[in-house]
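1. Turn this into a model:
(chains A and B)
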2 protein chains.
Amino acid sequence: MQTPQATAALAAAMDLVGYATYLDRVPLRPGQVRHASDNRVELDRARHALTLAATGREVAVVSSGDPGVFAMASAVFEAVEHGEPAWRALDITVVPGVSAVLAAAARLGAPLGHDFCVLSLSDNLKPFEVVLARLVAAASAGFVIALYNAASRARPWQFGAALDELRPVLPGATPVALATAISRADERVEVATLSNVDPARADMRTLVLIGSAATRRIERDGRAPWLYTPRSHGATT
Amino acid sequence: MQTPQATAALAAAMDLVGYATYLDRVPLRPGQVRHASDNRVELDRARHALTLAATGREVAVVSSGDPGVFAMASAVFEAVEHGEPAWRALDITVVPGVSAVLAAAARLGAPLGHDFCVLSLSDNLKPFEVVLARLVAAASAGFVIALYNAASRARPWQFGAALDELRPVLPGATPVALATAISRADERVEVATLSNVDPARADMRTLVLIGSAATRRIERDGRAPWLYTPRSHGATT
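-> Residues are numbered from 1 along each chain as shown, chains lettered A, B, ... in the order given. Okay, the predicted model is just below:
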């Protein structure tokens, strides 16, 4: 699901900077230098890329999905704001991509056909009370909700707590979909409801989509149901 | 900004169904049949595509951006739900794409680096009070807001009314960006604030991004500022 623009940017770079797992997906090119790091040092990685670029090298910071959505682009601009004044004169191009929320929604049908919110459930970078308050605000206002970072080994209980917080706000029949490892060989899609979803089915590769009261479920013989949210508010057609 | 998957789906189709303006962007292929319509008949267009597919033809419904975000995918599934039972047995694949919100955000920096909402400002399909209530809920909860369908000749005052509704909720210095005709030859990006933005600068090709109180503006000599929203809640680094 890589755009031609992303492919061209990767091919043109002298240096690739990124999380090792993502760098491993980029074809090797002679002469290109790889700077792999682990997944927890976004700001250091961004500063490293900017330092290289300031010496005149063409540098690609590698991300998966869309770099602008809970990914490296924000870290790069945070490093620019607080870094060398000369970094503001660099040519920085963000190449947009198909974010996980769009890839997951496409597999499910059209759950994002009406207003929606995208939020990270991680409490590494914000207090969990803020996460819960945003969830309730979004659900109460009628937004479909997409959750990044729903679960990981280090954060095993937050997704269950988030579902508990939503139960007084949304009908029990509200669809909850878990889309795991979309576009990978072991892709898995599960469609449950707010009443019966098992939060333990989510892992660090899972994108969660929680419907609004308007989201519809189309049953099919022997296949997962389609989900869609009608374009019209209160549509019954 | 077309993915290889979208290019392949367009090439493989026997029939292309879509709004004439979008069909005109698809290269002609011998033997392929085009069914062009105007922009206001999404459900009819969806039924037409499903009727053709039910006869065994391979049909592509053409959309711009991502078909799942305020676009044709939701209309197709709405037609399926209320249409012929046999339509549920069709192989329907939604090919995700780079939605306008992601393309616009990439041009601006990384305004979607933290939690955000996407909503349509159009009151063709929902009451305008619902639109305003969602805007206030999203802004009060700290979401960055992306607006589709901010303005058109038929809806000239709604965007101004939306800004007025947000002024008591967000600081006057909150960045408001108008990204018009992104990826087209006459692309234009303007960055203002909630205090001084001129709603008349938006037209039907404009994607609007309204920052949260956390969204930062990086000034640059002789160029538009970059916008980004830090990954950390309350980050000052």
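2. Show me the shaky parts of chain A.
-> A:235-237 (pLDDT under 70).
3. can you give me the strands for it?
-> For chain A, the strands defined by DSSP state E occupy A:15-19, A:33-37, A:59-62, A:109-110, A:116-120, A:144-148, A:175-180, A:188-193, A:206-210, A:216-220, A:223-228.
4. Please say whether there is contact between the fifth one and chain B.
-> Think strand A:116-120. Yes. Under the criterion of CB under 8 Å from any CB of the partner chain, strand A:116-120 makes contact with chain B via A:116-120. Quick note: C-beta positions are derived from backbone N, CA and C, even for glycine.
5. Would you show me how to pick out the buried ones of those residues in ChimeraX?
-> To isolate the buried ones among the residues of strand A:116-120 next to chain B in ChimeraX, judged by 16 or more other CB atoms under 10 Å in any protein chain shown, type:
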select /A:116,117,118,119,120
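6. Now A:E58: phi and psi?
-> phi -90, psi 120 (degrees, to the nearest 10).
7. just checking, it touches A:A11?
-> No. A:E58 is beyond contact range of A:A11, at 10.7 Å (criterion: CB atoms under 8 Å).
8. With distance to B:G18 as extra columns, can I get the residues of strand A:116-120 next to chain B in TSV?
-> Converted to TSV, these look like this (distance: CB to CB, whole Å):
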residue	distance to B:G18
A:F116	23
A:C117	29
A:V118	27
A:L119	32
A:S120	35
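9. Thought A:S63 was touching A:V94, still the case?
-> No. Applying CB under 8 Å, one finds A:V94 not in contact with A:S63, separated by 9.5 Å.
10. who's more crowded, these two?
-> A:V94 (26 against 23; other CB atoms under 10 Å in any protein chain shown).
11. The more buried one: what's its closest spatial neighbour, skipping adjacent residues?
-> Spatial nearest neighbour of A:V94, chain neighbours left out: B:A106 (4.0 Å); criterion: CB to CB, 6 or more residues apart in numbering or on different chains.
12. contacting residues around the one you found?
-> A:66-68, A:73, A:94-96 (CB atoms under 8 Å, 6 or more residues apart in numbering or on different chains).
13. Are any of those residues buried, and if so which?
-> A:66-68, A:73, A:94-96.
14. hang on, the earlier thing: which members of the contacts of B:A106 are positioned in helices?
-> Mapping the contacts of B:A106 onto helices (DSSP state H) picks out A:A73.
15. any common contacting residues for A:V94 and A:S63?
-> Shared contacts of A:V94 and A:S63, defined by CB under 8 Å, 6+ apart, are found at A:A73.
16. and the residue nearest to A:S122 when sequence neighbours are not counted, what is it in contact with?
-> Using CB to CB, 6+ apart and skipping residues adjacent in sequence, the residue nearest A:S122 is A:N149, 4.0 Å away. Residues in contact with A:N149 (CB under 8 Å, 6+ apart) are A:70, A:120-122, A:155, A:204.
17. what about A:S152, distance to A:L121?
-> Separation of A:S152 from A:L121 (CB to CB, to the nearest Å) stands at 10 Å.
18. So between the two, which is more surrounded?
-> A side-by-side neighbour count of A:S152 and A:L121, using other CB under 10 Å, places A:L121 first with 24 against 17.
19. Burial check on the spatially closest residue to A:V130 that is not a sequence neighbour, number of neighbours?
-> Nearest non-adjacent residue to A:V130, counting by CB to CB, 6+ apart: B:H233, 5.7 Å away. Residues lying near B:H233 (other CB under 10 Å) number 17.
20. contacting residues for the nearest residue in space to A:G109 that is not next to it in sequence?
-> Using CB to CB, 6+ apart and skipping the chain neighbours, the partner closest in space to A:G109 is A:W226 (3.6 Å). When the contact criterion is CB under 8 Å, 6+ apart, the partners of A:W226 are A:108-110, A:217-218, A:220, B:77, B:80, B:92.
21. beta partners of A:W226?
-> Taking DSSP bridges as the rule, A:W226 bridges to A:I218.
22. What distance do you get for it to A:H233?
-> From A:W226 across to A:H233, the span is 20 Å (CB to CB).
23. Repeat that for A:M204.
-> In terms of CB to CB, A:M204 sits 35 Å off from A:H233.
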